[in-house]
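Engineer: Got a predicted structure here, sequence first:
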Amino acid sequence: MPNLSNVNRLHAQFQHVSPLFKDTVTKGRVFGNIWEMEMDETISHLWKSDEKLASAVRGYEQFALEIMRLQIDFDRSGVYAPQTYDEANATVYQADGYMSDTYLPGLLLAWYLWPHHYRQTRFFKAFVRDMARSGATKFYEVATGTGLYSRFALQGAQSAVGVGFDISPASCTFTENHLGAFRLGSRYEMRMSNVLEDEPEPVDWLLCIELLEHLPDPMVLLRSLRRMLRPGGKAFLATALNAPNSDHIWLYRSVDEVVTQLHEAGFRVESAELNAAYPGLMPPVVAAFVVS
């Protein structure tokens, strides 16, 4: 059996720091040994001390509670709380303390601890295997967030280098530190840049994970992403449906709405996977697409 001491450390911190979520790690273990080894590896590289791990757990607690409150409001109203992109940018992306202490550690842990998010990472790793088999040499990730997907791409497609784009200083720093901790920084360039204002040259491989719902008009981004992908290239695009968050603006109510926009932007959907957070009539869903 592998040494899973860091998963045990995470469980202990949840018990101590966040009694409300004390069973979170226990529930995650149902995914089996691969989940445990991946979770253990992430903790061992990013949160070596108990103090840093406890801080990440506190960030996750605040992140999760905020989303739970927003979800309750959404279930009652059927709409996201109204805000402009400029408001979200000021209160979230440019708020370094909130991003560094709550949003980014909360999001990174959620990729492992929320079943629908973890299933999406499994779907993405099949995409990375295609990158590796093709001998991919370069990819972009638009809106890196925590850098997790860029890390998976670099680990799986070892002939590739990556370039990440994000408008948040905290996200850029978090991504650089994340990839540096895994000794992947020499194969990655992080740019604090808005691709809608400074569109880069096209590449064969493109990632954009859960950004569409953050914009007032996702079609503007989709058309830009289409131009950033060379003919014959492939992209992994994901978005959230019926999933309120502090910075979600565009409400996708069904997967058909997303597919329609993908087609209108000039993409061809090759495969897709939908993962719901829990059973119900209108649960939060993450929808991921491999497109060309």
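Structural biologist: Cool, the structure landed.
Engineer: Which parts of the protein are helices?
Structural biologist: 5-17, 24-28, 33-46, 50-77, 85-88, 96-98, 104-113, 115-134, 148-156, 169-181, 218-228, 255-264 (DSSP state H).
Engineer: so can I have TSV of the ones you listed showing distance to Val286, mean neighbour count and mean pLDDT?
Structural biologist: No exception for glycine: its C-beta is placed from N, CA and C like everyone else's. TSV is the format used below for these (distance: least, Cβ to Cβ, whole Å; neighbours: other Cβ atoms under 10 Å; pLDDT from 0 to 100):
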stretch	distance to Val286	mean neighbour count	mean pLDDT
helix 5-17	22	18	95
helix 24-28	17	17	93
helix 33-46	17	17	96
helix 50-77	13	17	97
helix 85-88	19	14	96
helix 96-98	23	13	97
helix 104-113	10	23	97
helix 115-134	5	17	97
helix 148-156	13	22	98
helix 169-181	19	20	98
helix 218-228	15	18	98
helix 255-264	11	16	98
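Engineer: looking at the ones you listed, which is closest to Glu201?
Structural biologist: helix 218-228 (8.0 Å; Cβ to Cβ).
Engineer: What about Leu206, how many residues nearby?
Structural biologist: Using other Cβ atoms under 10 Å, Leu206 has 21 neighbouring residues.
Engineer: Quick check: closest non-adjacent residue to it.
Structural biologist: Nearest non-adjacent residue to Leu206, counting by Cβ to Cβ, 6 or more residues apart in numbering: Ala235, 3.9 Å away.
Engineer: again, but for Gln15
Structural biologist: Lys22 (5.1 Å).
Engineer: so what pLDDT did the one you found get?
Structural biologist: With respect to pLDDT, Lys22 scores 94.
Engineer: I'd like to know how far it sits from Phe14.
Structural biologist: 5 Å (Cβ to Cβ, to the nearest Å).
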